[in-house]
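here you go, sequence then predicted model.
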Amino acid sequence: MSLQVKKSYNSENKYWYVELSGEVDVYTAGQLKDAFTNMIEDKKENIKINAQDLEYIDSTGLGILIGTLKRLKEKDKNIILTNIRSNVKKLLNITGLDKIFIIEE
Amino acid sequence: MSLQVKKSYNSENKYWYVELSGEVDVYTAGQLKDAFTNMIEDKKENIKINAQDLEYIDSTGLGILIGTLKRLKEKDKNIILTNIRSNVKKLLNITGLDKIFIIEE
Amino acid sequence: MIENQLDEVKLSVPSKPEYVGVVRLTLSAIASRIGFDVEKIEDMKVAVAEACTNAIMHGCRCAKDSKFNIDFVSNGEKLTISVYDDGKGCELESIQDPNLNEPKEGGLGIFIIKSLMDQVDIESEEGKGMMIKMIKYLGDDI
Amino acid sequence: MIENQLDEVKLSVPSKPEYVGVVRLTLSAIASRIGFDVEKIEDMKVAVAEACTNAIMHGCRCAKDSKFNIDFVSNGEKLTISVYDDGKGCELESIQDPNLNEPKEGGLGIFIIKSLMDQVDIESEEGKGMMIKMIKYLGDDI
Ligand SMILES: Nc1ncnc2c1ncn2[C@@H]1O[C@H](COP(=O)(O)OP(=O)(O)O)[C@@H](O)[C@H]1O
Ligand SMILES: Nc1ncnc2c1ncn2[C@@H]1O[C@H](COP(=O)(O)OP(=O)(O)O)[C@@H](O)[C@H]1O
């Protein structure tokens, strides 16, 4: 019932690499929002999220991803999601967000 | 929230070997009681319980162990417990049952 | 004919974000006891969390000790979950499906609930709180 | 002085063995949110399960839809858990501590609850149900 956000900047290829583990819900969402806000204010570059250990996300978390993507799009940058679990994948499908973010298998 | 009982008879050394995994509470207790009853009716010999994966037990389960021991004592046989987790150990201490069963580290 | 017995679990929690996880875990425990498979349990976890999040974010009157309720009713074939608050409610007509081609930060919750559950009923009146009743069947998806 | 806010979770479940595990999981979730360590959570799980088992085995009137209740109240320093039923109750004087030198199959439940919790109050009257109220402190054992 908690969330860990591990981020690092790959300066060679100019993108943020983020590992999410645990659960994103209305309780942990603030933590995720703060992390993205800090990253974007530092460098507005692509954000690559490894979601292998992301066990749960709901609309609160998806809303934060959408908001972050909107700010990235101002500079034509993207959010790339990798290693998504099937329950998270299902939510992205239902909401059509799999067409908005870049999904890498 | 479930219990697995794996039993086998060691005919060379004449004892029952039982691996318990999961939780013994009022819901799963009947299953444990049936297993012990069957074993004793088959052969009244020492019962050695490997409790390595026994995550939880409460008074319902302890009561079954006590009842089983009473029947074994009629033939001077024992219950031997090994690899007990600390939370289970604590209950055995509190109730004094660590002096009634044979506890092997 | 055998009458299906109804089992009812009632839960009431403070209108605070930290209790949504508690509700999710209680739901998981109930649903797995009933015999739901992992995928359906995941669906229900999200749906119930969405309803709880709404109760906390929109439903509460923000009184210091505001609470909301979750009822779980099961029989042999389905689990019915009702999430309700006595907050300010809303006009149901104002709730629109999201435009999937133009994603927004908000407005996904109820759409997700409807997508993940087999049956959903929403009742609300301004000033009288909101109630979302959702059903998941144990058998094959309908 | 800062007033400690009280958070209250109320749970009501059918008087059936399969719901003791549900109560245990809900308790775990609440206690870990509050910040209890693993050992104290284990203690509380056993104590609450003992009280629930009693409510089911002794407390119920065995009506088809019999239920019992569990209230969890937390403030910054402790968690208070009350388990109560409206079953047949009992005379408290008749409950004795077990003789640890002569173990019996039954009679360990309330003794275990008292051993594992920091404070325990029992109220009962014949015909009026039973209530066990138990407290665990967050800080060092008292
Ligand atoms: N419990 C509630 N009480 C009052 N209004 C609610 C409640 N739940 C939902 N609503 C209303 O319905 C709208 C749509 O909810 P939802 O689809 O979950 O999206 P979001 O919560 O992101 O706005 C909310 O914006 C709110 O106006
Ligand atoms: N909820 C209850 N309603 C009525 N009687 C109860 C209840 N809980 C406990 N008792 C009485 O107290 C006695 C002691 O309980 P306990 O120490 O848990 O041991 P056990 O349940 O194994 O008898 C029970 O045998 C029962 O007579």
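In hand now; what should we look at? Ligands and ions are numbered 1, 2, ... in the order given.

how close does C:Gly87 sit to chain D?
To chain D, C:Gly87 is 17 Å away according to CB to the nearest CB, to the nearest Å. Heads up, the C-betas are built off the backbone N, CA and C, glycines and all.

so where's the chain uncertain?
Unless you meant another one, I'm taking chain A. Low-confidence segments of chain A (pLDDT under 70): A:1.

looking at chain C here, not the other one
In chain C, residues with pLDDT under 70: C:1-4, C:61-63, C:141-142.

middle-most residue in chain C, spatially?
C:Val48 (3.6 Å; CA atoms, centre = their mean).

just checking, C:Lys114 touches C:Val120?
Yes - between C:Lys114 and C:Val120 a contact is recorded at 5.0 Å, counting by CB atoms under 8 Å.

secondary structure element holding C:Met134?
Assessed by DSSP states H and E, C:Met134 sits inside strand C:130-137.

which helices and strands does that strand pack with?
Judged by 3 or more CB pairs under 8 Å, 6 or more residues apart in numbering or on different chains; DSSP states H and E, strand C:130-137 is in contact with helix C:38-54, strand C:78-85, helix C:109-116, strand C:119-124.

so what's the residue count around residue 83?
The chain I'm using is chain A. Burial of A:Asn83 is recorded as 14 neighbouring residues (other CB atoms under 10 Å in any protein chain shown).

my question was about chain C, not that one.
What C:Val83 shows, counting by other CB under 10 Å, is a neighbour count of 26.

nearest spatial neighbour of it, skipping sequence neighbours?
Among residues not flanking C:Val83 along the chain, C:Ala51 sits closest, at 3.7 Å (CB to CB, 6 or more residues apart in numbering or on different chains).

check A:Val5 too.
A:Ala35 (4.6 Å).

hmm, who's touching the helix or strand that the one you found is a member of?
Assessed by DSSP H and E, A:Ala35 sits inside helix A:29-42. Helix A:29-42 is contacted by residues A:3, A:5, A:7, A:9, A:16, A:18, A:20, A:24, A:47, A:60-61, A:63-64, A:67-68, A:71-72 when judged by CB atoms under 8 Å, 6 or more residues apart in numbering or on different chains.

cross those against helices and list the overlap.
A:Thr60, A:Gly61, A:Gly63, A:Ile64, A:Gly67, A:Thr68, A:Arg71, A:Leu72 (DSSP state H).

out of those residues, which is most surrounded?
Neighbour counts for these, by other CB under 10 Å, peak at A:Thr60, which reaches 26 neighbours.

report the separation between that one and A:Thr28.
The gap separating A:Thr60 from A:Thr28 is 9 Å, by CB to CB, to the nearest Å.

A:Ile66 now?
Applying CB to CB, the value for A:Ile66 to A:Thr28 is 17 Å.

of those two, who's got more company?
The residue with more neighbours, out of A:Ile66 and A:Thr28, is A:Thr28; 24 against 20, by other CB under 10 Å.

state the phi and psi torsions of that one.
phi -100, psi 0 (degrees, to the nearest 10).

what sits against it?
Neighbour list for A:Thr28: A:Ser2, A:Leu3, A:Gly22 [criterion: CB under 8 Å, 6+ apart].

what's the most distant pair in the ones in helices among the contacts of helix A:29-42?
Within the ones in helices among the contacts of helix A:29-42, A:Thr60 and A:Leu72 form the most distant pair, 19.2 Å apart (CB to CB).

in chain C, what residue lies closest to chain A?
C:Leu100 (3.3 Å; CB to the nearest CB).

what sits against the spatially closest residue to that residue that is not a sequence neighbour?
In this structure, C:Leu100 finds its nearest non-sequential neighbour in A:Gly96, 3.3 Å apart by CB to CB, 6+ apart. Taking CB under 8 Å, 6+ apart, we find A:Gly96 in contact with C:Leu100, C:Asn101, C:Pro103.

roughly how far does the residue in chain A positioned nearest to chain C sit from D:Ala51?
Of all residues in chain A, A:Gly96 sits closest to chain C, at 3.3 Å by CB to the nearest CB. As judged by CB to CB, A:Gly96 and D:Ala51 stand 48 Å apart.

C:Met130 now?
On the measure of CB to CB, C:Met130 and D:Ala51 end up 34 Å apart.

same question, C:Lys64
According to CB to CB, C:Lys64 and D:Ala51 sit 29 Å apart.

then C:Glu91?
45 Å.

is any part of stretch A:51-67 close to chain D?
No - for stretch A:51-67 and chain D, the contact criterion (CB under 8 Å from any CB of the partner chain) is not met; the two come no nearer than 13.7 Å.

do that stretch and chain C meet at all?
Yes - remark: stretch A:51-67 sits within contact range of chain C at A:Tyr56, A:Asp58, A:Ser59, A:Thr60, A:Leu62, A:Gly63, A:Ile64, A:Ile66, A:Gly67, by CB under 8 Å from any CB.

hmm, C:Leu108 and the fifth one touching each other?
What that stands for is A:Leu62. Yes - between A:Leu62 and C:Leu108 a contact is recorded at 6.1 Å, counting by CB under 8 Å.

joint contacts of the two?
A:Thr95.

which positions in chain C make contact with chain B?
So chain C meets chain B at C:Ala29, C:Ser32, C:Arg33 (CB under 8 Å from any CB).

when you check chain D, which of the residues you listed turn up near it?
With CB under 8 Å from any CB as the criterion, the residues of chain C next to chain B include C:Ala29, C:Arg33 near chain D.

and A:Ile79, how close does it get to B:Ala35?
Taking CB to CB, one finds A:Ile79 at 53 Å from B:Ala35.

also C:Asp86?
Counting by CB to CB - C:Asp86 and B:Ala35 are separated by 50 Å.

same check on C:Ile122?
On the measure of CB to CB, C:Ile122 and B:Ala35 end up 49 Å apart.

who has more neighbours, these two?
Between C:Ile122 and B:Ala35, counted using other CB under 10 Å, B:Ala35 has the larger neighbour count: 19 against 16.
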